[in-house]
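> Make a model of this:
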Amino acid sequence: MIERLMNPEHPYGEPDYSRFSKHITDLRQQLQGQLDRKSQNLLEQLCNTYIRQGNAMLPDAFADGFWSAVELMLEYKKRNLL
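The predicted structure follows:
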């Protein structure tokens, strides 16, 4: 089970994930074309910080989901063995 959860080839959220990613990229390119160099740098920092923010919570979210599944499995097993 853990191998499946960590499989980078499993298409989580598809096709919406790819559609949203493309939309974000398109909007970013449009906005960058309208900004001066200083503002483009600020936009780049904003995008990078947003990505780092999301990545910061992924390990905890994964761990919470994993341990919740383990607890549910143990509870199910306990009830079915009684």
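
> Could you pull up the mean pLDDT of the longest helix along the chain?
Using DSSP state H, we find that the single longest helix of the chain is helix 37-81. Averaged across helix 37-81, pLDDT comes to 91.

> and the helix or strand encompassing Phe20, C-alpha only, in PDB?
Using DSSP states H and E, Phe20 sits in helix 16-32. The C-alpha atoms that make up helix 16-32 are tabulated as PDB, following Å, rounded to 0.1, in the frame of the first residue of the first chain:
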ATOM      1  CA  ASP A  16      -7.900  18.600 -13.600                       C
ATOM      2  CA  TYR A  17      -4.400  18.900 -12.100                       C
ATOM      3  CA  SER A  18      -2.800  19.300 -15.500                       C
ATOM      4  CA  ARG A  19      -5.500  21.700 -16.700                       C
ATOM      5  CA  PHE A  20      -5.000  23.900 -13.600                       C
ATOM      6  CA  SER A  21      -1.200  23.800 -14.000                       C
ATOM      7  CA  LYS A  22      -1.400  24.900 -17.600                       C
ATOM      8  CA  HIS A  23      -3.800  27.700 -16.700                       C
ATOM      9  CA  ILE A  24      -1.400  28.900 -14.000                       C
ATOM     10  CA  THR A  25       1.500  28.800 -16.400                       C
ATOM     11  CA  ASP A  26      -0.500  30.700 -19.000                       C
ATOM     12  CA  LEU A  27      -1.600  33.400 -16.600                       C
ATOM     13  CA  ARG A  28       1.900  33.800 -15.200                       C
ATOM     14  CA  GLN A  29       3.300  34.300 -18.700                       C
ATOM     15  CA  GLN A  30       0.700  36.800 -19.600                       C
ATOM     16  CA  LEU A  31       1.300  38.700 -16.300                       C
ATOM     17  CA  GLN A  32       5.100  38.600 -16.800                       C
END
